[in-house]
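Asker: Here you go, sequence then predicted model.
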Amino acid sequence: MDYAFLKGHGTENDFVLIPDANGKHELTAEQVARLCDRRAGIGADGVIRVVRTDATDDPAAVSARGQARWFMDYRNSDGSLSEMCGNGIRVLGLYLATHADVDPRDPLRVATRAGIKELTFEGDRITVDMGTPEVFAETKVEVGDRSWPATRVSMGNPHAVAFVDDLADAGPLREEPGYDREVFPEGVNVEFVVRRGERHVAMRVHERGSGETRSCGTGACAVMVAASLADSAERGTPYTVDVPGGTLEVVWTPDDRVLLSGPAVLVAEGVTDL
């Protein structure tokens, strides 16, 4: 059976999208891994199956029926399920605005495994209300024989944010950084951060299930939350977060919401037999 697909990215965090409005194309972990293989497949950091909430029995979609029409069924490049992807949901939003009956002049609500997220379209940038962050007790992360204290932040998925002297301190990030398995029994996204200026940081990330990626939207939000707390910044103060693939803007609002703004691009369409 042939499957239609699209390829897109948000600040070079790239995804294969499988349009599946009627819920006929459940993907296995093996199929996802094959699609994401950069030599034998299409190549991506993850796969997004775009399905209506009334066409899948995923609990997150079922609970969102009547509140959101579309569900983001997201998997990491190794095939594992993920709760949320801040760059991926912008790419999904762009797809729906250009290939479905979604009016970009109106806010778009999308169901995810981390709850319903609302997107707004502003020219070539898309803003996502990522919800309320959760901050936990400090932990630590390790690379080789070096370790750093890390701020634990949940954006619906887990993050450990470590401030370092130089982004090169993280090494090549070909392997997962060390962390406390009891604190993060299901793994964690690890961000290494340096300051570039006032309300301006840069980061590298090792994503759970994908390795080092060129960008991570939930990671940028976690980094902004950690930096804002360290700076005792007033809520509503925007931060610029540089990632290897571009720049994202993040605001932690006075009503305790984190807003992520950045670009999304669709670069290819085609057909695959998976």
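Answerer: Nice, thanks for sending it over.
Asker: mind listing the helices for the stretch 1-150 of the chain?
Answerer: For the stretch 1-150 of the chain, the helices defined by DSSP state H, counting those that start in this stretch cover 29-36, 59-64, 86-99.
Asker: distance of Cys216 from Phe184?
Answerer: Distance, Cys216 to Phe184, using CB to CB, to the nearest Å: 16 Å. All C-beta spots, glycine's among them, are computed from the backbone N, C-alpha and C.
Asker: What count of nearby residues applies to Leu17?
Answerer: Close neighbours of Leu17, defined as other CB atoms under 10 Å, add up to 24.
Asker: Which residues are in contact with it?
Answerer: Shown in contact with Leu17 (CB atoms under 8 Å, 6 or more residues apart in numbering): Phe5, Leu6, Lys7, Gly8, Val47, Ile48, Arg49, Val50, Val91, Leu92, Tyr95.
Asker: same question, Ala100
Answerer: Here Ala100 is in contact with Ala21 (CB under 8 Å, 6+ apart).
Asker: Am I right that Ala160 is in a helix?
Answerer: No - assigned with DSSP: H, G, I helix; E, B strand; the rest coil, Ala160 falls outside any helix and is strand.
Asker: Let me see the contact set for it.
Answerer: Contacts of Ala160 by CB under 8 Å, 6+ apart are Thr139, Val141, Ala150, Thr151, Arg152, Tyr179, Phe184, Val188, Asn189, Val190, Glu191.
Asker: Report the spatially nearest residue to it, omitting neighbours in sequence.
Answerer: Leaving aside its sequence neighbours, Ala160 sits nearest to Ala150 (CB to CB, 6 or more residues apart in numbering; 4.0 Å).
Asker: Give the bridge partners for the one you found, please.
Answerer: Bridge pairing for Ala150 (DSSP bridges) gives the partners Thr139.
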